[in-house]
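Trainee: the following comprises the amino acid sequence and a computationally predicted model.
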Amino acid sequence: MRCQAGDFIYISPMRYFLWLTGITLLTLVSCTHRPARFERLTASQTGIDFANTITESDSLNVLEFEYIYNGGGVGIDDFNGDGLQDVFFAGNQVSSRLYLNRGNFKFDDITIPAGVSTKFWCTGVAVTDINQDGRQDIYLSTIHPNRNQAVPNLLFLNQGNDANGIPRFEESAQAVGLADSSYSTQATFLDYDHDGDLDVFLLTNALEAFNRNNVIGPHNDGSARSRDKLFRNDGITLGAESQEQRALNHAPRSMPHALPHFTDVSTQAGLLHEGWGLGVIVNDVNQDGWPDIYVANDFQSNDVWLVNNHDGTFSNRIAETLKHQSHNSMGMDMADINNDGLNDLAVVDMLPDDNQRQKTMFSTIPYDRFQMARRLGYQPQYIRNVLQLNRGFWEGARSVGPGAGSKEQGVRPPSTKLQAINTASLSQSPVRHAPRSLPLFSDIGYLAGTAATDWSWSALFSDLDNDGFRDLLITNGYRKDITDLDFTSYNRDAGMFGTDAGRRTQLLKRIEDLEPVYKPNFLFHNNANGHPDSLHFTNVAPDWGLTESSFTNGTAYADFDNDGDMDLVMNNINDPAFIYRNQTVEQTKDASANHFLKINLSGKPGNLEGLGAKVAIWAGGHLQYTEYTRQRGYQSTMPSGIHLGLGSAKRIDSLKIVWPNGTGQLLRNVATNQTLTLDERKAVLQSSTFMQLQSPANPLLTEVTNLAGLDFQHQEDDFVDYKAQQTLLPHKHSQLGPGMAIGDVDGNGLDDIYVAGSANKGGTFFLQQPNQKAGSPKFLRKDRSAKKPEETGVLLFDADNDGDLDLYTVNGSTEFGKNEAIYQDSLYLNDGKGNFRVSPRALPNTMSSGSCVIATDFDHDGDLDLFVGGRVVPQRYPEPARSYLLRNDSRPGQPEQVHFTDVTDQLAPGLGQAGLICAALWTDVDNDSWPDLMLAGEFMPITVFKSQQGQRFIPMQTPELAKAVGFWNSLTAGDFDNDGDMDYVAGNLGLNSRLQASANQPVSVYAADYDKNGTLDPILSVFNGNVEYPFHPRDVLTDQIPSFKKKMTSYAAYGQTTLTSLLSADEQKQAVIKRATYLSSAYIENRAGTLVLHNLPIEAQFSPVFGSATTDLNHDGNLDILLIGNDYATEVLSGWQDAGLGLCLVGDGKGHFKSLRPANSGFVVDGDAKALASILLANGQLYYVATQNNGPLRVFKEANNPVTYQRVKPADSQLVQPTTNGKKRKIEFNYGSGYLSQSSRVVPTRVVEKNFN
């Protein structure tokens, strides 16, 4: 009801009382409600009324000019020298504008009197002192809406203030050689040749006449139209005054006194790559003292990482350091997000965060296109933001991308540690770092929660709440959603009819009717404060006051009111610019919180700002590291100086700075809440290790792959599971190996290696020779049909009790369809010399696609029995293949009488259909000396079948495990807490994928034959917000179930389709439903038979964990863990899960683990890693061998190993051994563990108590 003037409303006394009470409560609530951290100030409050207004027409629109909504940047600096930060906005169709800060967030538009109005389409804003006169200049990148026309970039040189205090500028691009007319996005400044002055890198993005998303192969020979440029600074012509005198004087100077000249040296410098650049940043990625350049490229062109060669040239080495990139790379930034002294990288793309936009953007999963791009030389790219975590340096081999650190390592923060620096050893002459390898990065965007922010432009790191950890601001928006699939489908169909003019008119009308991508920006708070290992960010934009929807492009931060916190400014299309005042300082009532430090740098002539300087501080128990560069985010320049939030730290223990020329300074006991000026002329310390922020690496392992003679490359045919009746698979099942088994097959007393064969290829033996070198690969001859099966699990064990090891091979995969005969497992008997022959009647019918095989004497009759895990019924996912419990009923010493009996249903009811088994382990869970059976698999909990003295196996009640349904891959046993029972490490999917699950919001699969065509249709579902939606794009779903097209006749309708609206109650009732609720890899603590689940450290969640092994690597008496993983068999819309590098977790003997960075562990297996096993060498040492799908073997040895090992007897199953710290550890000797792995059965030689069998 709406009340009009004069209306009389009667309110009863009781209603009046309730109304008044409500008002009182609201008043109390509002009085105690804390205001948002950011307050948006209006144009009337600030005087900043700039709006980047785009006026479209028939000749100027997104159809004719695809960059029309790419927007403009922001440039911040104190242009008039009054101590307040001013703001410059780049305008596209409108003039650029300059606003002078008058204090208290009041600004004056001085565009006209300052002489900086523009008529060109301006994009990037680069601010620096180009002519080194102490005044900040403005260099603008420009483009023209017509690809055949060009306009020059603009350089506004600051001439100093006039009588009214207004800075005056003069356009001088032509005079200095920077009037480049390429289609440029942004310029950035660096001293690439170390001659002391600032050069210019120009990022370009030329319009092309072809579709730049076509996979045509990269052009890196200099022939492409869109190539970035490098301009060398050939020096400044001086007038009567010296540069230092001029730098100290802010009065106007005429141009001829100080004009640099720039020369295009792009080709000489090796800038030959094609790319459509949208983001660029300068950073010394390999810490060799020379600036490198990261370029974020749009469309199909890969990003490039230009590493400085120290000779005036650059090399693109991105494939050596990143596993994949964003596809539509836009804005970017680099900063140390976890305070480990290593800079991390964020690049933004356009993956929507909401289901509606996702389902109207993606129609299918382009597997063939992805593979073709790889074959043509492109590195993998995915449509999502990446957050590349810097894992530190690794000097060993690495898996180069297709087509071409933890906290323990840091220097401790207390000043007592820094006082140990021997300043006398610091040379007084400049020292240049030697060229070194690149660090390794892991994309943790999904884990961090930053992968999906829709059509994004700027990524910007800054500590916005001064808690000591950098937050991440991402801006987004697009005026017309031209990715809408209903729009593109209509255009494709309509393009077949009418005249060209008619089609164009109709298309423009459709474009005009398109909805915008108009939503609030994202502000991710770094959750590391109090949780330094979390690596997770939370979008706090709604809570912190960034609630307005916008089309925001360039953005910057600045302390406009000089109060110590960073305010925000944003350049919007068709809306006034946003100015957000940060109220952190004002809202901080606790004097012990939210401290800060601002640093101004005073460099030497040529680089008066000290660009490229590196600063590290130790305060409040944390290290913070910064490399000073100003062009960041998207098309924008940050203010001069460095800002650091300090949290509760009241003093800074120590501060280090290394200037671009290599000189350094060390300050101690620095006060907070101040602006500190550092002067390069006071820097006298010189040392190549002065800024070494990680302790010197003393790796536990050394890679010896080449020395071991194990030069082997696994090969896997690219079978596309998605085309074999089930397009809705979450991942392939034809790319699961190779498995590996260790044992002495030729009877020479030395263990050998068997690597399982992939489809149509045989397995490979590596026979250990007495000189510790493996012999030439020996391929096992097998009686196979033309369609040779794929071996998954393999096992070396004595099947016939004749004293030698026989070979069991599980046949798996799905590439042979429903041809059951080919999945029949095989047993090969050994003649004692390593010659094998198949035993055709030894096995019962095992015609199911299997995974693992493990052995134990489960009935204590003196021979080894088997469990064989079933993986999946081909073309019937998620229907599990049958698993088998095989009792050994062979007659000892009689090869013709070798026989295994299927006793699954007899002894272990329910075991045959236990699930999609990936791994299994025979282990004595309850210390009753009888081996129990532990299982791990996909869409199942870790399950234990308890042995009833070998006569029966019944499911064990494990309440905590039962709730943790996951995508479990591997199982390894070890007494990690030294309490005399076996604990376990279980590898899972991890937390760094599109699939995120919890008990309340599981990942589910609903499988049924919905269209009654005889095919099982597995519909995967995930939650977005609190709503469950189908996972796959519409076209993938309807390709599997064509009848579902009637349920959602458009992509928009599919975007609104929930799982419950897609599947009726009857359809859900007929479906087989599986739900995953727990995806973390875990440590399972055994508390006297009660199994308790604990998450492994966060680094173990970066990727799926497959291979695992346990050993005491640092010889402290406690078990440590080696893990390998990744999965390249995923559907390519989500992308490869490739963030795993191999991981060493050091145990403390209490069930706690600490991850080591690669440099400290020496352990890197960074491909599609699968099996991991240890092998005993002739000298009594252990080597660790890892397999990789479509990759080489990797072999490692302990760097310093005082322990030797010895084999145990074939019948030995367990023992109890004292540790060096006075406790006793139980050890089990497994025939098979981890993932498709079997290690040497050995024990350290310190054995005093045995409890075999």
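Mentor: Structure's in. What do you need?
Trainee: show me what contacts the nearest residue in space to Asp902 that is not next to it in sequence?
Mentor: Using C-beta to C-beta, 6 or more residues apart in numbering and skipping residues adjacent in sequence, the residue nearest Asp902 is Pro844, 4.3 Å away. C-betas here are computed from N, CA, C, even on glycine. If you count contacts by C-beta atoms under 8 Å, 6 or more residues apart in numbering, Pro844 has them with 884, 886, 900-902.
Trainee: and which of the residues you listed is nearest to Ile511?
Mentor: Sorting the contacts of Pro844 by distance to Ile511 puts Tyr884 at the head of the list, at 61.0 Å, by C-beta to C-beta.
Trainee: correct me, but the closest one touches Thr846?
Mentor: Yes. The pair Tyr884 / Thr846 is scored as a contact, 5.6 Å apart, by C-beta atoms under 8 Å.
Trainee: which parts of the stretch 51-200 of the chain are strands?
Mentor: Here the stretch 51-200 of the chain has its strands, by DSSP state E, counting those that start in this stretch, at 74-77, 86-89, 97-103, 106-109, 121-128, 137-143, 154-161, 167-171, 184-190, 199-204.
Trainee: with adjacent residues omitted, what lies nearest to Glu791?
Mentor: Distance criterion C-beta to C-beta, 6+ apart; nearest residue to Glu791, sequence neighbours excluded, is Ala756 at 3.8 Å.
Trainee: next one: Gly647
Mentor: Closest to Gly647 by C-beta to C-beta, 6+ apart is Gly468, at 3.7 Å.
Trainee: give me the secondary structure label for the one you found.
Mentor: The three-state assignment at Gly468 reads coil, by DSSP: H, G, I helix; E, B strand; the rest coil.
Trainee: how many residues are close by it?
Mentor: Neighbour count for Gly468, taken as other C-beta atoms under 10 Å: 25.
Trainee: over to Ile1073?
Mentor: Per other C-beta under 10 Å, the neighbour tally for Ile1073 reads 16.
Trainee: could you identify the helix or strand that succeeds whatever helix or strand it lives in?
Mentor: Secondary structure from DSSP states H and E places Ile1073 in strand 1072-1076. Downstream of strand 1072-1076, the next assigned helix or strand under DSSP H and E is strand 1082-1087.
Trainee: which neighbouring elements make contact with the helix or strand that comes right after that following strand?
Mentor: On the C-terminal side of strand 1082-1087, the nearest following helix or strand under DSSP H and E is strand 1090-1095. Identification of packing neighbours for strand 1090-1095 by 3 or more C-beta pairs under 8 Å, 6 or more residues apart in numbering; DSSP states H and E yields helix 959-963, strand 1082-1087.
Trainee: determine which stretch of these is the most buried.
Mentor: With neighbours taken as mean count of other C-beta atoms under 10 Å, these reach their highest mean count in strand 1082-1087, at a mean of 21.
Trainee: and that one, average pLDDT?
Mentor: Strand 1082-1087 shows a mean pLDDT of 98.
Trainee: contacts for that strand next, please.
Mentor: Contact with strand 1082-1087 is made by 925, 942, 961, 964, 976-977, 979, 981-986, 988, 1091-1096, 1151, 1153, as judged by C-beta under 8 Å, 6+ apart.
Trainee: before we move on, what SS does Glu1099 have?
Mentor: Here Glu1099 is helix, with the state taken from three-state DSSP.
Trainee: domain-wise, how is this structure divided?
Mentor: 593-686, 701-997+1077-1244 (automatic domain parsing).
Trainee: okay, how far is it across the longest one, tip to tip?
Mentor: When you say that, I think you mean domain 701-997+1077-1244. Start and end residues of domain 701-997+1077-1244 are separated by 18 Å (C-alpha to C-alpha, to the nearest Å).
Trainee: chain center to that domain, what's the gap?
Mentor: Relative to its parent chain, domain 701-997+1077-1244 has a centroid offset of 27 Å by C-alpha atoms, centre = their mean, to the nearest Å.
Trainee: next one: the shortest one
Mentor: Relative to the mean C-alpha coordinate of its chain, domain 593-686 is positioned 28 Å out (C-alpha atoms, centre = their mean).
Trainee: straight-line length of that domain, end to end?
Mentor: 35 Å.
Trainee: could I get the average pLDDT for it?
Mentor: Averaging pLDDT along domain 593-686 yields 96.
Trainee: could you pull up the mean pLDDT of stretch 1165-1182?
Mentor: For stretch 1165-1182, mean pLDDT is 93.
Trainee: rewinding a little: which one of the helices and strands packed on strand 1090-1095 lies closest to Asp806?
Mentor: Of all the helices and strands packed on strand 1090-1095, strand 1082-1087 sits nearest to Asp806, with 31.7 Å by C-beta to C-beta.
Trainee: what's the angle from the helix or strand containing Met934 to strand 1090-1095?
Mentor: Using DSSP H and E, Met934 sits in strand 932-940. Angle, strand 932-940 to strand 1090-1095, by axes from the mean of the first three to the mean of the last three C-alpha atoms, to 10 degrees: 40 degrees.
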